[in-house]
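*Asks:* Pasted the sequence and its predicted model underneath.
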Amino acid sequence: LINGGSVDLSPYLDNTDTTYTAGNGLALTGTTFRIDSPTCLGSLKLRWTGSAFVCSVDIDTNTQLSESQVDAYVANNGYLTSYTETDGIVGNEVLDATTDRGLVRSGSGTTADPYTLGLREDCPTDQALRWDGSAWQCSEVGDILDGGNATGATVIVGTNDSQNLEFETAGTSRMFIDTNGDVAVGGQNTNVDSRMYVEDNITTGTTSTTVSGYGPYTFDADNDADESAWTFNAPGGNGLRPPDNRRRWSHDTNNTASSNVGPTSGQGGSPDGYVYTEASNPTAFNDVFTMTHNVPINTALDNWRIDFYWNQRGDNNTAVVNVQTNEGNAGWVTRGTYGTGGPDVPSGGAQRWNAESLDLTGLVSNASTQIRFQVVMPSNGTIWHNDFALDSISIVNLTNNGGNFTYGDNVFEAYNANNTENVDLLVLRSDVGEVGNVKFRVDSDGDVYSDGTNFIGGGADVAEKYKNHDGAKPGDVVAFVDKRTVAKTSEVAQPTLAGVVSTKAGVVLDSEVNGVPVGLVGRLPTNVSMATGEIKPGDFLTSGPGGKAQKATKSGPVIGQAMERATEDSQIDVFVHLGYWYEPVQLDLKSVFDPSQRATSVLNNQSTADKDDPSLRVLSDNGNAADLASQIEGGFRTLYDQLSGVADRVDVLEDWQQKSAGAQTESTTNAADNADQSPVVLTSAELEQMFNLQDNDELEILAARLFVNDVAVGGQLLLGEDYAGQAAIPAGSTSYYVKFNQPFASQPNVVASPQNFVDQGWRISEVSKSGFRIELQTPQKTVTDFSWQVTTASEK
């Protein structure tokens with residue numbers, strides 16, 4: 001085209017459309033189009049911009065464009081492109097993409113379907129692409145980055161440089177491997193050198209998926225959390241009020257306002273809280289009091305039980321309590337009624353808390369079940385005497401005892417997706433002892449095996465979880481109610497003693513039980529009472545009312561020994577080890593021949609006369625002391641071969657046999673009362689074997705006895721005043737001299753033991769027939785108590 005020229009298009013047009021429109025740089029005159037362009041001057045050439053013709057620099061200095069070049073020029077937005085014709089249609093090629101070096105071409109090369117290049121994708125499944133230096137080839141040896149590992153083998157990722165390897169996502173370091181091979185995940189250990197270190201910032205802990213129960217509600221104090229768990233409604237007004245609020249629910253810790261009726265304390269002893277219906281004037285027969293638990297329970301999913309105590313003291317107390325449920329707001333239904341027999345004790349009598357347990361299994365089944373207690377006053381009688389009390393209420397889930405959990409996030413977790421038992425999940429080994437020796441492992445059953453000593457810094461006792469419904473707290477002494485439940489002790493020397501509720505146990509057994517950890521053995525802080533006197537270190541302790549320990553003064557079960565002194569009701573450390581303690585009893589041997597003998601009890605180095613000895617029973621037919629003596633002598637004769645080194649005592653016993661023949665009440669203590677003779681000590685097992693005579697008219701001895709001067713009963717060695725005693729070294733002093741009342745015939749053997757801790761050392765010195773001395777290496781800040789004992793060689 002010549003600038004300003006025109007082209008007659010009529011030879012190329014058909015007659016079907018005679019409408020022509022100018023545009024795109026063309027001007028129309030009749031049926032003739034011409035280029036609508038400026039006049040280019042000098043060396044400027046006409047150039048199409050895509051929307052119009054403009055003057056621009058020469059794009060072809062040799063010649064004007066050919067028609068095909070103009071077509072290509074216009075199609076390519078005014079730029080010339082080198083191309084190879086491929087489909088015979090001039091000007092539609094964009095690029096002649098060819099395959100080479102492992103590249104694969106796709107597309108037809110047109111503007112609608114341009115060529116694309118990519119790596120070949122025709123490798124078999126057992127091969128991988130491998131760069132051979134000039135092209136990508138399929139090969140069974142795939143060199144991913146470095147190392148030439150075969151397909152299916154370990155892939156080596158890294159460089160040949162000596163540098164750390166770090167993995168990041170979103171610009172954050174996730175994993176770090178240093179040049180020593182140490183691995184850190186989520187952070188780096190800045191404290192010590194670790195071969196493997198994992199760090200996280202976890203805030204979600206493990207929680208129980210089910211409610212194991214509610215309570216026990218003990219109502220220890222007014223306006224406490226127990227009170228807020230219930231809604232109290234009464235004819236005189238709603239809510240829980242202080243004592244003596246008429247026709248209202250009231251809270252108290254001791255005697256109610258009504259004289260000689262109602263509780264005198266809570267179920268746990270005085271002072272202890274409880275709730276009750278104050279039914280004083282104005283009288284209102286058939287009054288109804290309700291207390292409703294604020295949280296519904298799911299009885300469709302779980303089985304539940306309601307445990308509680310009720311108290312109704314007084315001749316005219318004839319109210320009843322109904323335990324009711326309301327399933328899905330369908331209405332209240334009574335599931336159990338208690339107190340229908342009237343008062344449990346008469347007016348002025350000792351109160352009694354009655355334990356009840358209502359199993360709701362099979363009775364209710366709704367995901368939203370409410371619980372309430374309904375107290376109904378009688379229709380006649382002395383209404384103001386009806387103080388009906390409730391305490392220690394527990395709503396117990398029988399299906400899930402806290403054993404199901406939703407586990408939280410964790411720093412490290414191992415999971416074996418198989419139900420095979422005894423499969424090791426974690427094994428730790430070392431070369432200590434032998435090469436590769438397994439020191440620690442945990443298997444799929446949860447069993448833990450450890451070769452070494454386990455050091456536990458959390459606590460000093462071993463505890464086991466038991467259910468509890470009376471609010472036992474750390475330090476309380478508890479006893480078994482059944483094989484899985486404990487309660488605070490309520491009596492002295494309770495036969496079913498279990499232990500002490502642990503404050504911070506080192507080991508907790510059966511930990512998933514919903515209850516309290518009961519310390520079975522070890523050092524435990526324990527609540528103590530002065531009911532039987534002050535407590536000193538070493539005293540054996542037994543149970544008392546209100547879950548408190550007290551000094552044992554009579555034979556019976558004990559929880560252990562005091563580790564520190566107590567002069568008032570308090571909490572002290574006790575070394576808990578359940579056992580049986582025998583009351584020390586001293587008998588004069590003459591009393592063995594007296595069927596009506598009375599024992600003398602020796603407690604705390606003081607004698608109290610006229611106490612029955614429960615461990616010695618003499619059965620006699622008409623006071624036949626000779627037969628009894630013969631039986632006793634026979635027992636000693638049987639022990640002859642078992643007592644080495646005491647031949648001299650056998651002589652005494654044989655002499656005793658001769659003297660006792662035909663005797664009725666003659667004393668035979670003289671032989672054993674000879675200070676020149678050493679005592680015969682018999683063990684409990686020996687005496688039980690030889691003297692546990694079950695027939696009538698025979699002697700039964702149940703504990704170890706020591707026949708010397710007097711008879712010691714109860715397993716405790718009791719000697720005459722020159723054979724045993726106490727010594728106290730005052731604070732600031734370094735010694736104490738013990739003088740015997742009468743000198744021994746020969747130099748005795750002396751043993752002593754301190755009853756409290758001694759700084760530095762101590763010794764026994766200056767031992768003679770007349771006495772001995774106890775010396776301390778350094779003076780002590782407090783009085784140092786010693787107990788001592790003397791033995792002597794036999795002399796004829």
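*Replies:* Alright, I've got the coordinates. Treat the numbers as computed from the prediction; the structure is a model and nothing was measured. Numbers count the residues shown, from 1 in each chain.

*Asks:* What helix or strand is the residue nearest to Ser56 when sequence neighbours are not counted located in?
*Replies:* Closest residue in space to Ser56, ignoring its immediate chain neighbours: Arg47 at 3.9 Å, by C-beta to C-beta, 6 or more residues apart in numbering. For glycine as for every other residue, the C-beta is placed from the backbone atoms N, C-alpha and C. Using DSSP states H and E, Arg47 sits in strand 45-48.

*Asks:* who does that strand pair up with?
*Replies:* If you go by DSSP bridges, strand 45-48 pairs up with strand 53-56 (antiparallel).

*Asks:* if I look at Asn201, how far off is Ala184?
*Replies:* According to C-beta to C-beta, to the nearest Å, Asn201 stands 15 Å off from Ala184.

*Asks:* Neighbour count for those two, which is higher?
*Replies:* The residue with more neighbours, out of Asn201 and Ala184, is Ala184; 20 against 8, by other C-beta atoms under 10 Å.

*Asks:* my guess is that one contacts Arg195, does it?
*Replies:* No: counting by C-beta atoms under 8 Å, Ala184 stays clear of Arg195, with 9.9 Å between them.

*Asks:* mind listing the strands in the stretch 301-450 of the chain by residue range?
*Replies:* 304-311, 320-327, 332-338, 354-359, 369-376, 388-397, 405-406, 424-430, 437-443, 448-450 (DSSP state E, counting those that start in this stretch).

*Asks:* Output the contacting helices and strands for the last one.
*Replies:* Applying 3 or more C-beta pairs under 8 Å, 6 or more residues apart in numbering; DSSP states H and E, one finds that strand 448-450 makes contact with strand 437-443.

*Asks:* got the strands of the stretch 301-450 of the chain as CSV, with mean neighbour count, mean pLDDT and distance to Ser43 columns?
*Replies:* Formatted as CSV, the strands of the stretch 301-450 of the chain follow (neighbours: other C-beta atoms under 10 Å; pLDDT from 0 to 100; distance: least, C-beta to C-beta, whole Å):
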stretch, mean neighbour count, mean pLDDT, distance to Ser43
strand 304-311, 23, 94, 103
strand 320-327, 20, 96, 102
strand 332-338, 14, 96, 108
strand 354-359, 14, 93, 111
strand 369-376, 21, 96, 101
strand 388-397, 24, 92, 100
strand 405-406, 12, 72, 84
strand 424-430, 12, 91, 86
strand 437-443, 14, 90, 90
strand 448-450, 11, 89, 95
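
*Asks:* could you dump the ones you listed to CSV with distance to Ala472?
*Replies:* Converted to CSV, the strands of the stretch 301-450 of the chain look like this (distance: least, C-beta to C-beta, whole Å):
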stretch, distance to Ala472
strand 304-311, 14
strand 320-327, 24
strand 332-338, 24
strand 354-359, 15
strand 369-376, 23
strand 388-397, 10
strand 405-406, 24
strand 424-430, 36
strand 437-443, 33
strand 448-450, 29
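
*Asks:* what's the closest of those to Glu168?
*Replies:* For the strands of the stretch 301-450 of the chain, the distance to Glu168 is smallest for strand 424-430, at 29.8 Å, taking C-beta to C-beta.

*Asks:* Give me the contact list for that closest one.
*Replies:* Applying C-beta atoms under 8 Å, 6 or more residues apart in numbering, the contact partners of strand 424-430 are Ala414, Asn416, Gly436, Asn437, Val438, Lys439, Phe440, Arg441, Val442, Asp443, Ser444.
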